[in-house]
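Chemist: dropping a prediction and its sequence here:
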Amino acid sequence: MKHQVKHTTGILLALALILSCLVIPADKAKAAKNYTLKTIDHSTTVKGKKCTIDIKCYYTYVQFKGDSDVIKKINKGIRNVLPKNYKNYKTDLLTYAKSDADEREDDDTYNDYNTQSVSFCNKKYASIHEYSFWYGGGVSNVNETGYVFDMKTGKRITKVTTLTKIKSLKSFKKALKKKIKKQDENYDISEIDKMKSTEFQFYITKKGKVCVCFGPYDLGFGGWTKKFYFAGDNL
């Protein structure tokens, strides 16, 4: 009888442990899904003498669900980072496509679009990751950036060291420059010393890392984003 009680107790403890592991991710998943994606789409097609060029031109952005003052403030903050003319956005690819469609032999698709997603969300912070892609028949550019908002006040957090374990801006820059040079010795880090803590682009990853982003050509060359990760502090 004692053996049966111990056996039953062991099973119950094991089940409790499993459930405790499941509850936290479920809560986080629920929080991260509490938003909708809105899209302003200006995609079009240009038919020329020799080929057809489709233009993918749109902006997909996040809006959190809810009518509290904090949620309203965050949603407004997200809209504020969009191009001022995003509702009537006119891409310069349209001009290129009209010219190229009369000259090129093969059909193609030109791209000028931005997509947002929620990269991190809990009771303290909401982070947006934004991906942009541009291609006009020749070279292409990829850009990634992000935005972080305080879930208690709705304010956007612009000071990168608020979120990183390294609180000293001087120490943060030193660590960042070391990471940059490790990734590519030829990158230009001369501008970093002049940057304020509010001038860095960053977002929080799903794993709670702070990702610092540099856009195409920011470090001297390359049509892509350079990303560097730091441990987050009390996220």
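Modeler: Now that the structure is in, tell me what you want to look at.

Chemist: ranking helices and strands of this protein by mean pLDDT, which lands last?
Modeler: In the chain, the helix or strand scored least confidently by mean pLDDT, DSSP states H and E is helix 2-32, which has a mean of 41.

Chemist: can you show me the strands along this structure?
Modeler: Ranges of strands in the chain, per DSSP state E, are 35-41, 44-47, 52-64, 108-121, 125-135, 140-150, 156-157, 201-204, 209-214, 226-231.

Chemist: any idea how far the last one is from the chain center?
Modeler: For strand 226-231, the distance between its averaged C-alpha position and the chain's averaged C-alpha position is 13 Å (Cα atoms, centre = their mean, to the nearest Å).

Chemist: and what of the third one?
Modeler: Averaging C-alpha coordinates over strand 52-64 and over its chain gives two centres that are 16 Å apart (Cα atoms, centre = their mean).

Chemist: repeat for the fourth one
Modeler: Remark: strand 108-121 is offset 9 Å from the chain centroid, using Cα atoms, centre = their mean.

Chemist: that one pairs with which strands, and in what direction?
Modeler: For strand 108-121, the paired strands and their directions (DSSP bridges) are strand 52-64 (parallel), strand 125-135 (antiparallel).

Chemist: just for this structure, where's the confidence low?
Modeler: Applying pLDDT under 70 to the chain flags the ranges 1-33.

Chemist: what's stretch 141-150 in contact with?
Modeler: Here stretch 141-150 makes contact (Cβ atoms under 8 Å, 6 or more residues apart in numbering) with 74, 77-78, 81, 119, 124-135, 155-157, 163, 201-204, 211, 213, 215-216, 223-225, 227. The way it works is simple: take the backbone N, C-alpha and C, and place the C-beta from them, glycine included.

Chemist: thinking residue 151 is in contact with residue 127, fair?
Modeler: No - counting by Cβ atoms under 8 Å, residue 151 sits too far from residue 127 to count as a contact (10.3 Å).

Chemist: more neighbours, these two?
Modeler: A count of neighbours by other Cβ atoms under 10 Å puts residue 127 above the other of residue 151 and residue 127, at 25 against 16.

Chemist: spatially central residue in this protein, please.
Modeler: residue 129 (1.3 Å; Cα atoms, centre = their mean).

Chemist: residue contacts, that residue?
Modeler: With contact set as Cβ under 8 Å, 6+ apart, residue 129 has these partners: 116, 117, 118, 119, 144, 146, 203.
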